[in-house]
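> my questions concern the predicted model and sequence given below.
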Amino acid sequence: QVQLVESGGGLVQAGGSLRLSCAASGRTFSRYAMGWFRQAPGKEREFVAAISWNSGSTYYADSVKGRFTISRDNAKNTVYLQMNSLKPEDTAVYYCAARGVIATTARGYDYWGQGTQVTVSS
């Protein structure tokens, strides 16, 4: 069982930066691949980024590639999402999730956090 708690969201102007954190409980965090997803009002949840258990593999949605960076610190049971050059279209609730094998779709992620709101003003 893994419990996930996101933090770091907020209001930022376009072009600004935020770093999201996702703290995981449990001793098995390092066994899980981690993903970040987001959901804007009226839209479906979409993939943002994912990282394998050992940080050996990372994947990004085309819309965030070159602007966002996913990383993890297994000693701290935490995964991060550094978001730079933010755009108004990045506004959404951001969720972290865990699953056994890295994937770019929400299906198969077993554990989810409650989400953190990111709002980018123009």
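Good, I have the coordinates. Numbers count the residues shown, from 1 in each chain.
> so residue 36 bridges to which residues?
Counting by DSSP bridges, residue 36 is bridged to residue 49, residue 96.
> run a quick neighbour tally on it.
Residue 36 sits with 26 neighbouring residues when counted by other Cβ atoms under 10 Å. To be clear about C-beta, it is placed using only N, CA and C from the backbone, and glycine gets the same treatment.
> same question for the one 3 residues further on.
Number of residues near residue 39 (other Cβ under 10 Å) recorded here: 15.
> swap in residue 105?
Neighbourhood size, residue 105 [other Cβ under 10 Å]: 12.
> tell me if I'm right that it and residue 47 touch.
Yes - assessed by Cβ atoms under 8 Å, residue 105 is found in contact with residue 47 at 6.4 Å.
> gap between the residue nearest the centre of the chain and residue 27?
Centroid-nearest residue in the chain: residue 36, 2.5 Å away (criterion: Cα atoms, centre = their mean). Counting by Cβ to Cβ, to the nearest Å, the gap from residue 36 to residue 27 is 22 Å.
> next: residue 108.
To residue 27, residue 108 is 22 Å away according to Cβ to Cβ.
> same check, this time on residue 107
Per Cβ to Cβ, residue 107 is found 26 Å from residue 27.
> which SSE is residue 79 in?
Using DSSP states H and E, residue 79 maps to strand 78-83.
> list of residues touching that strand?
For strand 78-83, the surrounding residues in contact (Cβ atoms under 8 Å, 6 or more residues apart in numbering) are 17-24, 34, 36, 48-49, 51, 64, 67-73, 90, 94, 96, 118.
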